[in-house]
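Engineer: Coordinates for the following, if possible.
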Amino acid sequence: MSFRLSRLMLVLAGALALSACEAQPVVQKMPELSFAGKAAFRLDIGQLEIVPEYVPSGRKPNIEHLMALSPESATVRWAQDRLRPIGRTGFARVLIKDAKVVEVPLKTDTGFTGMFKDQQAERYDGSLDVAIQILDERHFPVADVIARATRSQTVGEGSTLNERDKVLYEISEGLIRDIDSQMESLIRTYLARWVVN
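Structural biologist: Numbers count the residues shown, from 1 in each chain. Next up, the predicted model:
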């Protein structure tokens, strides 16, 4: 083997080794959502049920199935942290009626001037509807409350995957914190007879 050929093979091997070592983008770890720092509602019921009524389509424009923290999973965590059954009979049922996030493409300037603008490319619209029902031992509803929240956020054309994931996490977190705030008042007002102090 000639010196030139062996040298060429060595250069190619080095180039392949360098490309294999190329840094992969670091996937950011989002903080774990928790309501453990807030006092749970101690409810005079025997059992808590969480029922997701919303069925994701699994295709665009809906994107909740692609999110690290979907509105549905945020609601499940909220219910587990904030509602504590301590009674012997009866049920509390958390109904997740809507938990969607939709990606809406935005019109951008594709002309010459558009190259010099920092344009918003998509908008994410999230909505969350959560109901709590109190049911007797025969499973008949005897009281209920419902809370609704919406959030929207745009992202720029050059947004990275990590930046988009952060926006989507913040939408789910914002939705469930809005629901939590509404439920604080609704539970104390309309479900007070089942709240044990």
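Engineer: tell me the SS of residue 125?
Structural biologist: Of the three states, residue 125 takes strand under DSSP: H, G, I helix; E, B strand; the rest coil.
Engineer: Who are the contact partners of it?
Structural biologist: With contact taken as C-beta atoms under 8 Å, 6 or more residues apart in numbering, residue 125 is in contact with 101, 102, 104, 150, 151, 152. Just so you know, the C-beta spots here come from the backbone N, C-alpha and C atoms, and that holds for glycine as well.
Engineer: try it again with 10 Å
Structural biologist: Residues in contact with residue 125, defined by C-beta atoms under 10 Å, 6 or more residues apart in numbering, are 61, 100, 101, 102, 103, 104, 150, 151, 152, 153, 171.
Engineer: Spatially, what comes nearest to the residue nearest to the spatial centre of the chain if we skip its sequence neighbours?
Structural biologist: Centroid-nearest residue in the chain, with C-alpha atoms, centre = their mean: residue 70, separated by 2.8 Å. Spatial nearest neighbour of residue 70, excluding adjacent residues (C-beta to C-beta, 6 or more residues apart in numbering): residue 64 at 4.6 Å.
Engineer: Phi, psi for the one you found please.
Structural biologist: Main-chain torsions, residue 64, degrees, to the nearest 10: phi -60, psi -30.
Engineer: ok, now the one 5 residues further on?
Structural biologist: Torsion angles at residue 69 (phi, psi; degrees, to the nearest 10) stand at phi -130, psi 100.
Engineer: Same check on the one 5 residues further on?
Structural biologist: The phi and psi torsions at residue 74 (degrees, to the nearest 10) take the values phi -70, psi -40.
Engineer: if I pick it, what's in contact with it?
Structural biologist: 33, 35, 67, 96, 99, 128, 169, 171-177, 179-180 are the contacts of residue 74 under C-beta under 10 Å, 6+ apart.
Engineer: And the contacts of residue 125, which is closest to residue 163?
Structural biologist: Proximity of those to residue 163 was ranked by C-beta to C-beta; the top entry is residue 153 with 11.0 Å.
Engineer: Mind listing the strands the helix or strand that the closest one is a member of pairs with, and their directions?
Structural biologist: Element membership for residue 153 (DSSP states H and E) is strand 141-156. Strand 141-156 has its sheet partners listed here by DSSP bridges as strand 120-135 (antiparallel).
Engineer: Distance check, residue 64 against residue 106.
Structural biologist: Distance, residue 64 to residue 106, using C-beta to C-beta, to the nearest Å: 19 Å.
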